[in-house]
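Undergrad: let's see this in three dimensions:
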Amino acid sequence: MSDQEEFEVEAIGVEVNVQPIELYKVLKIANVVSGGGEAKHVIGEGYVGVNGELEQRKRRKMYDGDVIEFNEEYYVVICDTPVGELPEIEEKPQPMQSEPEHSAPKTKKNKKKKQKPDQPTTVDPESGRRSINFF
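TA: Got it, this is the predicted structure:
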């Protein structure tokens, strides 16, 4: 017989879009904790097991098929995308902005800008930005 005992349990599937994914995020997706802070707390306190071993690393990388034990329930990570590949995001078509063919000429309002006292401004030739005057 081997060192490791194999046993069969019923596990709740947790579908994720990308792998690897951090352990605390899987707990959030499975709705077994109310938020990321609580997930990190229960992992740090030693209430979570991964693949039959106690796990205290909050950001442990989880892959397809990994089994998580928490609160006397088992969860299995399910992911169809290969490791490291980002899921495809459907791009929404941008509405075409057509220019009006014949629009009325716009009238400019004559607003007088407040004149600032003439201060020498230096412009950086590389970035094109002005220098900051503190006083």
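
Undergrad: for the longest strand along the chain, name the packing helices and strands.
TA: Longest strand in the chain by number of residues (criterion: DSSP state E): strand 73-78. Packing partners of strand 73-78 (3 or more Cβ pairs under 8 Å, 6 or more residues apart in numbering; DSSP states H and E): strand 12-15, strand 67-70. C-beta here means a position set from N, CA and C on the backbone, and glycine is covered the same way.

Undergrad: so of the ones you listed, which one's packed in deepest?
TA: strand 67-70 (a mean of 20; mean count of other Cβ atoms under 10 Å).

Undergrad: neighbouring strands - and their directions - for that one?
TA: Take DSSP bridges as the rule and strand 67-70 pairs in its sheet with strand 48-50 (antiparallel), strand 73-78 (antiparallel).

Undergrad: using JSON lines, lay out the ones you listed together with mean pLDDT and distance to residue 125.
TA: Converted to JSON lines, those look like this (pLDDT from 0 to 100; distance: least, Cβ to Cβ, whole Å):
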{"stretch": "strand 48-50", "mean pLDDT": "92", "distance to residue 125": "56"}
{"stretch": "strand 73-78", "mean pLDDT": "90", "distance to residue 125": "54"}
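
Undergrad: in the longest helix along the chain, which residues are buried?
TA: Longest helix in the chain by number of residues (criterion: DSSP state H): helix 36-44. Neighbour counts over helix 36-44 (16 or more other Cβ atoms under 10 Å) mark 39, 40, 42, 43 as buried.

Undergrad: follow-up on the earlier one: out of the strands paired with strand 67-70, nearest to residue 57?
TA: When the strands paired with strand 67-70 are compared by Cβ to Cβ, strand 48-50 sits nearest residue 57, at 8.9 Å.

Undergrad: contacts for that closest one, please.
TA: 23, 27, 42, 54-56, 60, 62, 66-70 (Cβ atoms under 8 Å, 6 or more residues apart in numbering).
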